[in-house]
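Q: here is my input, please return the structure:
(3 chains)
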Amino acid sequence: MYPKNTWYVACTPDEIAGKPLGRQICGEKIVFFRGPDQQVAAVEDFCPHRGAPLSLGRVEDGQLVCGYHGLAMGCDGKTAAMPGQRVRGFPCNKTYAAVERHGFIWVWPGDQALADATSIPHLHWAESDEWAYGGGLYHIACDYRLMIDNLMDLTHETYVHASSIGQKEIDEAAPTTAVEGDHVVTARHMENIMAPPFWRMALRGNGLADDVPVDRWQICRFSPPSHVLIEVGVAHAGKGGYHADARDKASSIVVDFITPESDTSIWYFWGMARNFNPGDTALTATIREGQGKIFSEDLEMLERQQQNLLAYPQRNLLKLNIDAGGVQSRRILERLVAAELGKEQQP
Amino acid sequence: MYPKNTWYVACTPDEIAGKPLGRQICGEKIVFFRGPDQQVAAVEDFCPHRGAPLSLGRVEDGQLVCGYHGLAMGCDGKTAAMPGQRVRGFPCNKTYAAVERHGFIWVWPGDQALADATSIPHLHWAESDEWAYGGGLYHIACDYRLMIDNLMDLTHETYVHASSIGQKEIDEAAPTTAVEGDHVVTARHMENIMAPPFWRMALRGNGLADDVPVDRWQICRFSPPSHVLIEVGVAHAGKGGYHADARDKASSIVVDFITPESDTSIWYFWGMARNFNPGDTALTATIREGQGKIFSEDLEMLERQQQNLLAYPQRNLLKLNIDAGGVQSRRILERLVAAELGKEQQP
Amino acid sequence: MYPKNTWYVACTPDEIAGKPLGRQICGEKIVFFRGPDQQVAAVEDFCPHRGAPLSLGRVEDGQLVCGYHGLAMGCDGKTAAMPGQRVRGFPCNKTYAAVERHGFIWVWPGDQALADATSIPHLHWAESDEWAYGGGLYHIACDYRLMIDNLMDLTHETYVHASSIGQKEIDEAAPTTAVEGDHVVTARHMENIMAPPFWRMALRGNGLADDVPVDRWQICRFSPPSHVLIEVGVAHAGKGGYHADARDKASSIVVDFITPESDTSIWYFWGMARNFNPGDTALTATIREGQGKIFSEDLEMLERQQQNLLAYPQRNLLKLNIDAGGVQSRRILERLVAAELGKEQQP
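A: Numbering: from 1, shown residues only, chains lettered A, B, ... in the order given. Okay, here's the model as predicted:
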């Protein structure tokens, strides 16, 4: 249950540097590679000759060369050449719209004719020298909506991430959730509290005292199909909180792109964009390492939650105020999937 | 195929020391923990909030706190509290009767209204200073009845445990099997034989010569659902065998509690209770290590036997005299399961 | 989909030296062992007593003794003895025709009454002092026909084995395929080329210069059910190629016996027979190690190809000229399987 006529993050550029990458997305087995002009191409990961995965091959002059018997496929899914063969009649592979933008490779796993690159979300922090970005990728065996729930309800930080970003004050501050068209925003503000370890590190990274009270905020923004960008930060207390001057706060954007592999597994692209000390690559590495460790704490919980839900298919889950972000996001997804199905059923 | 309205061993106290334990028993996913008065509680391992396993959480003031968003559940399966929430209307979790007794936690996976703690078997050796006990737990991928068969027919010792407790004289001595109500007793006596290595060690542990002929006995007692207690021992030959004076023999009780996890997997609690030198903890450790090694020899055989039976569903097995203990035990189990089904079908 | 009334290689003699071997062949679970006169026996791997795999037991005086309770089975599938039991009425195990010949144990997994040892292929190189042989065994999760395809189309060497036996000239030289009854021969000849690394090693092993142009040949011979013997070699250019004098060439026979375990897994017996320096055991070891490494390169490709074919059941594969060897071999197999089914359906 996921929309297919939409853009998902497929991979990062380093994953297709000099070699093809095979990755299943929304049930489609796709191989990604760079074509003759270094543009990104995505075709079915199936050699029309004998069915070998093309991703086991190599890229040569912008063509994907099968590692079994040397069939060379172009970005258009057509066989361009094969030693000793006339290839004109070879069946054509399905292709997928793929675009490199903002430091990611995006793919449209559905009907390519509907793909519109202008609908790829604009990531201002990815295009500005005032921002730095670091991130990673996890494979998790859960429905992609469980990860959306996770990110739209940060009360879990108190329990899952108790030693880094969690603190009791989080689940004592009720969040507010607002729906704006296909977007959902869940916000929580905490005032005059002590920062937890991760944020103390960030305050120091921005040259600020870490032992004084702060105001803290979390503003989670869902947009379809499964992008969750979260503005997070702390400011020295009484300096205006979220609106405080840059020199009084440490803030950043938690970046989450969730790509379904199957109904019960995902590729989870996580990262953090910050606009303080963007040139400090050591700080970027430190934050990335810290975030990677924190986010890995969610894996077991999500996978075991998924197994439990499969074991208890008849159980209804609660929909509390803290769940509103996830609940509203799921409604939007249901509407989008229904619209796709409706379109397919029309003559 | 197992009775559910009966007591099984769920775990040992060390497994729930300071933390909850998730364990599937008879197909039921259960979390065990200690309540406010340190009494044992058992509830469904499913958080009513979002379905996370409660066993991934922690115990706080006798309540089970979900490790995802902090829902706190009481021993009664009711949500006691959740930060920022009114919990009165939350759905209640199924609970299971659980009792700590004789060094084990016992659970009744069926209808809790029928649970009767007085029917937990009395283990005299667990309550006496004259006895010492050591044991362990194995997870084995087989039907629990294959383990009952195994323990009610000790001729397998000659083949599976040839280097420790096996000896040719075992399968040369025909066993006798008697059924007494819901209990089955299979006994075998061997006279004037040399003791195998494990029993030589035990003789020495009791200060007895290990290089003289002995009389040896094995009295296997099955009681439902799947408890097999085996009186085993050797006495210097001609001293009365099983009835010999304590200073002429080394004897003990092999303890086997078999708890179905699913139709084809079990939690196997094994151990040995002895009434010689009960204060010698080093001896307890030596025996435990020896028994653990010996009993691990059954694992591959039982798991491969299970796979073979699944591959040949139409094959009938033989029921020889040596199999009588297992055959009779299975008949009792069939009767108990049929009785449970009959009760369920009544209005 | 494989013929069962035919001979497959089951194992090599070292695999049944002093102990039984359990191996599934064409869906049949079989245990192989040596009987009283060291002859090879093959019976169902299922103890009629309690269903344990007999292969977990041991061989004693030419009988297979079950490792669980000591039932002793003869080569005829009949229980010969069991401690304390009268065994005359015990059910008989299915037996399989098995023959040791040419350094292999051969088995006929179908109707034993039809088994005819004279139809085991004659392997002249296995019976001559002028030849040396070395080989090994791989378990691969693919349909046995994918391995036949692989071996009947050696253009894959250029891609899969680029660093050892592959070279561009292979897929530039079109093969010819001929069908002779139930046999298929695909041949390829390359003239005046430089030898790739493996063949340079072989030239040196035969005392020949490795830095001069050679003529190279590959003659793949399929015979049912799944034997592929490949004459391969290089001769100094202009000396007659395949027909060159022995002192001007290094040649050998690649030996491939492919035994289905299930519809999607095989036991792959690979090896190489050579008739130069047959007494040089160090050379045999070097060749064996080199071949083992090269042939292991096919594993991932074949297993991933199999997974892809299962994921795309509706896709048709191409049948190019280079595929003719595999295509023709599959036709013969289809005919043989249809003939077997026809026979079974007759009254």
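
Q: C-alpha only now, for contacts and for neighbours.
A: Fine.

Q: count of neighbours near the residue of the stretch 101-250 of chain A found nearest chain B?
A: Proximity of the stretch 101-250 of chain A to chain B (C-alpha to the nearest C-alpha) peaks at residue A:156, 4.7 Å away. Other residues near residue A:156 come to 23 when the count uses other C-alpha atoms under 10 Å in any protein chain shown.

Q: what residues does the stretch 51-200 of chain A have near chain C?
A: A:51-53, A:56, A:67-70, A:83-85, A:90 (C-alpha under 8 Å from any C-alpha of the partner chain).

Q: turn the buried ones among the residues you listed into a named ChimeraX selection, would you?
A: A single ChimeraX command is used to select the members of those judged buried by 16 or more other C-alpha atoms under 10 Å in any protein chain shown:
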select /A:51,52,53,56,67,68,69,70,83
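
Q: between the residues of the stretch 51-200 of chain A next to chain C, which is nearest residue A:336?
A: Using C-alpha to C-alpha, the shortest approach to residue A:336 within these belongs to residue A:53, at 31.7 Å.

Q: quick one: the closest residue to residue A:188 other than its chain neighbours from residue B:116, how far?
A: Residue nearest to residue A:188 in three dimensions, not counting chain neighbours: residue A:175, with 4.6 Å by C-alpha to C-alpha, 6 or more residues apart in numbering or on different chains. Relative to residue B:116, residue A:175 is positioned 47 Å away (C-alpha to C-alpha, to the nearest Å).

Q: of those two, give the one with the bigger neighbour count.
A: Between residue A:175 and residue B:116, residue A:175 has the larger neighbour count (other C-alpha under 10 Å), namely 22 against 13.

Q: quick one, what contacts that one?
A: Residues counted as contacts of residue A:175 (C-alpha atoms under 8 Å, 6 or more residues apart in numbering or on different chains) are A:186-189, A:321-322.

Q: redo these as a markdown table? Include neighbour count.
A: Shown next, in a markdown table, are the contacts of residue A:175 (neighbours: other C-alpha atoms under 10 Å in any protein chain shown):
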| residue | neighbour count |
| --- | --- |
| A:186 | 24 |
| A:187 | 22 |
| A:188 | 20 |
| A:189 | 20 |
| A:321 | 15 |
| A:322 | 23 |
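
Q: output those as a markdown table; include the columns pLDDT and distance to residue B:162.
A: Listed next are these as a markdown table, based on pLDDT from 0 to 100; distance: C-alpha to C-alpha, whole Å:
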| residue | pLDDT | distance to residue B:162 |
| --- | --- | --- |
| A:186 | 97 | 67 |
| A:187 | 97 | 68 |
| A:188 | 96 | 67 |
| A:189 | 96 | 70 |
| A:321 | 92 | 64 |
| A:322 | 93 | 62 |
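
Q: farthest pair in those?
A: A:189 and A:321 (15.3 Å).

Q: circling back: so which of the residues of the stretch 51-200 of chain A next to chain C are in strands?
A: In strands, judged by DSSP state E, none of these are found.

Q: can I get the residues of the stretch 51-200 of chain A next to chain C in TSV with pLDDT?
A: Below are those laid out as TSV (pLDDT from 0 to 100):
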residue	pLDDT
A:51	97
A:52	97
A:53	98
A:56	97
A:67	96
A:68	96
A:69	96
A:70	95
A:83	92
A:84	90
A:85	93
A:90	96
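
Q: just the residues of the stretch 51-200 of chain A next to chain C now: which is nearest residue C:305?
A: Nearest member of these to residue C:305, counting by C-alpha to C-alpha, is residue A:52, at 4.4 Å.

Q: which residue is the nearest non-sequential neighbour of the closest one?
A: Closest to residue A:52 by C-alpha to C-alpha, 6+ apart is residue C:305, at 4.4 Å.

Q: what is the burial count for that neighbour?
A: 25.

Q: that one and residue A:55 touch, don't they?
A: No. The criterion here is C-alpha atoms under 8 Å, and residue C:305 misses it with residue A:55 at 11.1 Å.

Q: flag the shaky bits of the stretch 201-347 of chain A, pLDDT-wise.
A: A:345-347 (pLDDT under 70).

Q: in it, which spans are helices?
A: A:281-311, A:324-345 (DSSP state H, counting those that start in this stretch).

Q: got CSV for those helices, with distance to residue C:129 too?
A: Putting these into CSV (distance: least, C-alpha to C-alpha, whole Å) gives the following:
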stretch, distance to residue C:129
helix A:281-311, 61
helix A:324-345, 71
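
Q: identify the bridge partners of residue A:268.
A: Beta-bridge partners of residue A:268, counted by DSSP bridges, are residue A:138, residue A:258.

Q: from residue C:34, how far off is the residue nearest the centre of chain A?
A: The centre of chain A sits closest to residue A:257, judged by C-alpha atoms, centre = their mean, with a distance of 1.1 Å. Noted for residue A:257: a distance of 61 Å to residue C:34, by C-alpha to C-alpha.

Q: for the residue in the stretch 201-347 of chain A that chain C sits nearest to, give me its contacts.
A: Using C-alpha to the nearest C-alpha, the closest approach of the stretch 201-347 of chain A to chain C is made by residue A:262 at 13.3 Å. The neighbours of residue A:262, taking C-alpha under 8 Å, 6+ apart as the test, are A:24-27, A:143.

Q: the residue of the stretch 201-347 of chain A found nearest chain B: what's it in contact with?
A: Residue of the stretch 201-347 of chain A nearest chain B, by C-alpha to the nearest C-alpha: residue A:305 (4.3 Å). Under the criterion of C-alpha under 8 Å, 6+ apart, the neighbours of residue A:305 are B:50-53.

Q: may I see these organised as TSV, with distance to residue A:9 added?
A: Output for the contacts of residue A:305, formatted as TSV (distance: C-alpha to C-alpha, whole Å):
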residue	distance to residue A:9
B:50	27
B:51	28
B:52	27
B:53	30
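
Q: now, the residues you listed that are in helices?
A: Counting by DSSP state H, none of the members of the contacts of residue A:305 fall within helices.

Q: got a list of what residue A:230 touches?
A: Counting by C-alpha under 8 Å, 6+ apart, residue A:230 touches A:218-221, A:253-255.

Q: now do residue A:22
A: Applying C-alpha under 8 Å, 6+ apart, the residues near residue A:22 are A:29-32, A:45, A:53-56.

Q: who wins for most neighbours among those?
A: Using other C-alpha under 10 Å as the neighbour test, the contacts of residue A:22 are led by residue A:54, with 30 neighbours.

Q: partners of residue A:254 in the sheet?
A: Counting by DSSP bridges, residue A:254 forms beta bridges with residue A:230, residue A:272.
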